[in-house]
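Visitor: need a 3D model of the sequence below.
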Amino acid sequence: MRDKSLIIRSMQIREYVLGRVRDYTSATGLKETTLAGRAVKDSRFITRLRADKAVSLVNVERLCHFIATELEARDRPSVAGEPICPR
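Guide: Predicted structure coming up:
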């Protein structure tokens, strides 16, 4: 079985993920390479995704999960009532 080497080719998926990346980087000020490095341990991942190169579906899922959990953490107040991440 080739779970880790599943390749995405759908433009709809690419556009959706790139839109999420664009929204996240705009909201946080983080560079795309930094985001990709933190999310999937591959700083060139988003560049390859944008260039329509073959990328792993597992890494796409990791990137989307990272963005979702980071945005959730930004919006959740800490115990003391202060935001976890400054806005």
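
Visitor: neighbours of the spatially closest residue to K31 that is not a sequence neighbour, just the number please.
Guide: Using Cβ to Cβ, 6 or more residues apart in numbering and skipping the chain neighbours, the partner closest in space to K31 is T25 (7.0 Å). Any C-beta I mention is one placed from the backbone N, CA and C, and that applies to glycine too. Using other Cβ atoms under 10 Å, T25 is surrounded by 16 other residues.

Visitor: mind telling me what element T25 is part of?
Guide: T25 is located in helix 11-28, with elements delineated by DSSP states H and E.

Visitor: hmm, who's touching the helix or strand following that helix?
Guide: Using DSSP H and E, the helix or strand that follows helix 11-28 in sequence is helix 32-40. Outside helix 32-40, the residues that touch it by Cβ atoms under 8 Å, 6 or more residues apart in numbering are 21, 24-25, 42-47, 59, 62-63, 66-67.

Visitor: buried sites along helix 32-40?
Guide: Along helix 32-40, these residues count as buried under the neighbour rule (16 or more other Cβ atoms under 10 Å): 32, 35-36, 39-40.

Visitor: rewinding a little: do you know how far the residue nearest to K31 is from Y16?
Guide: According to Cβ to Cβ, to the nearest Å, T25 and Y16 sit 15 Å apart.
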